[in-house]
Structure formats: structure tokens, C-alpha cells
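**Q** please find the sequence and the predicted model below.
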Amino acid sequence: MERAQVSERSSSALGGLSVLGPLALVSCLGLMSSGCNRPAPPKARVEVGVFFGGQVQQLERVEVDRSRPPTLGFRVHLPHDRAHVTQLSYEVVALGPVGRRVTRKERLSIPADRQKVDQVVPIAHDARLGLWNIRVTDEQRVLADRALFLVEAEVR
């Protein structure tokens, strides 16, 4: 008999929860979504590659002619409704002497009235070619992280 009472309690408890469950779920979802009404701030969009003809060619392999090296770099597209200066950092990792990796870090301050900025990453005449990496970050996140394989251009 005690067993029957337990199952009656279980079924009535489940019945009560089945009515309250959806109501509680809907009200919890309403409370959680009320803080999400603010849209996420738009972030910058970054293209890394070779500047050519007003565009950024996002290549994985770049042929380098030492007499006319390509213009390597990145383009930052920023939201129109910014009220403050945007601070970005970028780093270039390339082959250095004796096969070591060399990292160069720079900072950019972009005025609020600029929506597009091109940043050139120079290739020195005597730079070692191979795998280069360009990473662009803002104060909170990585905006771009691209590897480029630089090779000597074939003599034609």
C-alpha cells in the first residue's frame, strides 16, 4: 500500500510540474532574452593579402619578384556609426636569421570618421621568404589571422 501512495505522489508531482514546466520555461526565457535586446556592436572586417588594382587579393601563395615586390598588407573595414577612435594591433611573423621566427608588433589608432584603412606590410629587399603570418586584433578579439607563403618569382 505504501508503494501505491508513492506512485500517486509521483504522478501528481509530475502532473503539477507538467503544468508549471512550460510556464516557468516561458517566463525564464523572457527574462533571459530581455537582456539580449541590445544588438552586438558591429566589429571590423579585415582582409589580408596583396594589394592590386584597388582590391585585396587574399592569396595563400605569393610570388615575390625582388625587383618589384608585391604590396602586402591588410584592409580594415570599420562600422559607420563609431563615436570613438578604434585601437587595433597587428603582428607579422616571418622567417628571420638562421631560420628563427621574428615577430614585429605594431599598433594603429583609427579616427572615428574613417571607415576604411589600408595598412601596408613592407617586404624588405633582403627579407627571407617562406611562411609569413599576419594577425590583426582589436581590444577584445582576433579580427584576422592569415598565413601567406612567400616564394621567389620564377624568372621568365
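**A** Okay, I see it. Numbering: from 1, shown residues only.

**Q** domain map for the protein?
**A** Domain segmentation of the chain under automatic domain parsing yields 1-38, 45-152.

**Q** just these: most buried one?
**A** Ranked by average neighbour count under the criterion mean count of other C-beta atoms under 10 Å, the domains of the chain are headed by domain 45-152 at a mean of 14. No exception for glycine: its C-beta is placed from N, CA and C like everyone else's.

**Q** that domain: end-to-end distance?
**A** Domain 45-152 stretches 30 Å from its first residue to its last (C-alpha to C-alpha, to the nearest Å).

**Q** and that domain, what's its mean pLDDT?
**A** Mean pLDDT, domain 45-152: 93.

**Q** quickly note the distance from the closest residue in space to Arg141 that isn't next to it in sequence to Glu154.
**A** Spatial nearest neighbour of Arg141, excluding adjacent residues (C-beta to C-beta, 6 or more residues apart in numbering): Lys43 at 7.2 Å. Distance of Lys43 to Glu154, given as C-beta to C-beta, to the nearest Å: 39 Å.

**Q** which of those two has more residues huddled nearby?
**A** More crowded of Lys43 and Glu154, by other C-beta atoms under 10 Å: Lys43, with 13 against 7.

**Q** which stretch of helix or strand covers the more buried one?
**A** Lys43 is part of no helix or strand, with elements assigned from DSSP states H and E.

**Q** one step back: for the residue nearest to Arg141, what are its contacts?
**A** By C-beta atoms under 8 Å, 6 or more residues apart in numbering, Lys43 lies in contact with 79, 138, 141, 143.

**Q** now the residues you listed as CSV including distance to Gly99 and secondary structure?
**A** Conversion of these to CSV gives the following (distance: C-beta to C-beta, whole Å; DSSP: H, G, I helix; E, B strand; the rest coil):
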residue, distance to Gly99, secondary structure
Pro79, 41, coil
Asp138, 32, coil
Arg141, 31, coil
Leu143, 29, strand
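
**Q** what's the farthest-apart pair in these?
**A** Pairwise distances among those were taken by C-beta to C-beta; the largest, 14.4 Å, belongs to Pro79 and Arg141.

**Q** right, I'll call it a day here.
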